[in-house]
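*Asks:* 3D model of this:
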Amino acid sequence: MSKPKGFEKPTGFRDYTPHVVTKLRTIERNVLECMERWGYRQIITPTIEYYDTVGVASSTSDRKLFKLLNSRGTTLVLRSDLTAPIARVVSSLLKDEELPLRLSYHANVFRSIEEEAGREAEFFQTGVELVGDDSPEADAEVVALAIASLQAAGVSSFKIAMGHMGFLNGLLEEVIPGQLVQQEQLKEGLLGRDYVGYRQSIEALHLEPKLKEQLEAILRLRGGKEVCTHAAELSSSTEAAQSIAHLCAVFEVLEAYGVSEHVLIDLTMIGDFSYYTGMTFEGYAAELGSPVCSGGRYDNLLQQFGRSLPATGFALKTNRIIDGVHGITIEEKKPVRIQYTSECRAEALTEAARLRSIGQNVVTFLLPKDGAETSITTGNGPVSSTSIQAEQVITYRSKNVGGR
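*Replies:* Now for the predicted structure:
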């Protein structure tokens with residue numbers, strides 16, 4: 001392997017320039033303040049966790065985890081999401097707190113990727129977890145909060161696609177009972193949005209026409225509240241019926257929130273089927289084809305940490321919003337520039353401190369004794385200090401104090 005060049009970074013990692021950081025921090029602040037208004041308290045967990053606890057419990061596949069060894073030879077991982085670490089904290093440090101728990105977060109996460117351009121190995125997530133409530137009200141709350149959070153992040157045009165794992169599980173067990181390998185294959189097709197492959201998997205089952213139609217019909221179950229009625233007619237499975245009833249109840253609560261126009265029911269939406277146990281959803285911005293948020297119910301995770309509690313939540317994919325959505329316009333705050341000669345240094349720096357104390361951004365420059373402008377060297381050659389954009393310029397010279 002060749003030695004990295006001086007400015008080269010590992011594949012999947014990026015530098016954030018000041019303008020991008022300003023946008024990131026603005027989105028982070030707006031979204032976390034929105035979540036706080038809904039009663040969610042922010043939590044911070046370590047960047048590094050034990051592989052045998054959080055790493056194993058994570059929804060991220062093992063091959064995508066960044067692994068490392070500590071001095072004792074114990075395998076550690078860089079966190080690949082925030083849900084599993086929060087489940088660990090809820091099951092330990094927060095075990096005596098009153099339920100339900102409402103927690104929010106903003107942090108960077110790490111996932112190993114193939115050597116290909118455009119994929120990120122480190123990115124930011126902002127999200128919430130609602131622990132200890134398995135009701136439709138709780139699921140509707142996180143969907144409604146996801147909508148409010150997208151709006152706070154400057155995403156003005158979007159749709160939330162909402163499904164339910166239980167409906168698909170019930171339908172598959174009704175049509176091809178006990179055929180777990182075939183069920184997993186069909187789920188893989190839906191998870192990857194490979195509908196051609198999904199239909200091919202159905203053909204390979206050699207089912208009678210009625211059963212084949214049941215499996216194909218799920219591809220048409222997308223739309224508004226009427227989808228619940230069509231889905232209830234498609235399957236006689238108890239699990240499927242209970243799942244649809246729950247999903248309908250969630251939609252009714254979203255109607256009460258006044259946000260149902262942002263939501264469509266899509267029963268091909270299953271999220272990570274090895275992780276989610278109930279309602280799942282994804283949010284799509286008009287500017288992007290890939291999701292800007294995702295979430296759902298994961299009632300089995302906390303029991304891996306010794307505490308069996310229902311939970312639901314979501315995460316905004318903050319990097320995609322930064323790079324692909326233009327709803328937030330960031331105006332860089334221009335600083336006041338204070339320039340001074342050495343004789344007036346103390347007075348000038350005192351004024352700079354005063355302005356900073358009242359919220360002004362201030363930069364300072366030392367002028368030559370003859371009063372000429374300083375020259376700042378850049379990669380393109382010398383630039384006069386007066387060419388640097390400033391809201392106001394204040395000059396301090398001997399026997400001359402004032403603005404210019």
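*Asks:* can you list the neighbours in contact with stretch 189-196?
*Replies:* 168, 188, 197-198, 201, 218-219, 268, 270-273 (CB atoms under 8 Å, 6 or more residues apart in numbering). C-beta coordinates here come from the backbone N, C-alpha and C atoms, glycine included.
*Asks:* is residue 159 in a helix, a strand, or coil?
*Replies:* strand (DSSP: H, G, I helix; E, B strand; the rest coil).
*Asks:* out of everything not next to it in sequence, what's closest to residue 306?
*Replies:* Leaving aside its chain neighbours, residue 306 sits nearest to residue 91 (5.7 Å; criterion: CB to CB, 6 or more residues apart in numbering).
*Asks:* tell me the average confidence for stretch 154-169?
*Replies:* Averaging pLDDT along stretch 154-169 gives 92.
*Asks:* so what's the gap between that stretch and the chain middle?
*Replies:* Computed by CA atoms, centre = their mean, to the nearest Å, the separation of stretch 154-169 from the middle of its chain amounts to 15 Å.
*Asks:* report the buried residues of stretch 99-112.
*Replies:* 100-107, 109-112 (16 or more other CB atoms under 10 Å).
*Asks:* just give me the neighbour total for the nearest residue to residue 268 once chain neighbours are set aside.
*Replies:* Excluding its sequence neighbours, the residue lying closest to residue 268 (CB to CB, 6+ apart) is residue 190, at 5.1 Å. As a burial measure, residue 190 scores 21 neighbours (other CB atoms under 10 Å).
*Asks:* what strand or helix carries residue 190?
*Replies:* Element membership for residue 190 (DSSP states H and E) is helix 180-191.
*Asks:* also residue 106?
*Replies:* Going by DSSP H and E, residue 106 is part of strand 101-110.
*Asks:* what is that strand packed up against?
*Replies:* helix 18-37, strand 41-42, helix 83-90, strand 122-131 (3 or more CB pairs under 8 Å, 6 or more residues apart in numbering; DSSP states H and E).
*Asks:* 6 Å instead?
*Replies:* Secondary-structure packing of strand 101-110 (3 or more CB pairs under 6 Å, 6 or more residues apart in numbering; DSSP states H and E): helix 18-37, strand 122-131.
*Asks:* other residues contacting it?
*Replies:* Strand 101-110 has contacts (CB atoms under 6 Å, 6 or more residues apart in numbering) with 28, 32, 35, 39-40, 42-43, 66, 78-82, 86, 122, 124-126, 128-132.
*Asks:* for residue 132, what are its contacts?
*Replies:* Counting by CB under 6 Å, 6+ apart, residue 132 touches 99-101, 309.
*Asks:* hmm, back to that, direction included, what does the strand holding residue 106 pair up with?
*Replies:* As defined by DSSP bridges, the strand partners of strand 101-110 come to strand 41-42 (parallel), strand 122-131 (antiparallel).
*Asks:* JSON lines please, covering those strands and showing distance to residue 178, mean neighbour count and mean pLDDT.
*Replies:* JSON lines is the format used below for the strands paired with strand 101-110 (distance: least, CB to CB, whole Å; neighbours: other CB atoms under 10 Å; pLDDT from 0 to 100):
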{"stretch": "strand 41-42", "distance to residue 178": "45", "mean neighbour count": "12", "mean pLDDT": "98"}
{"stretch": "strand 122-131", "distance to residue 178": "33", "mean neighbour count": "24", "mean pLDDT": "96"}
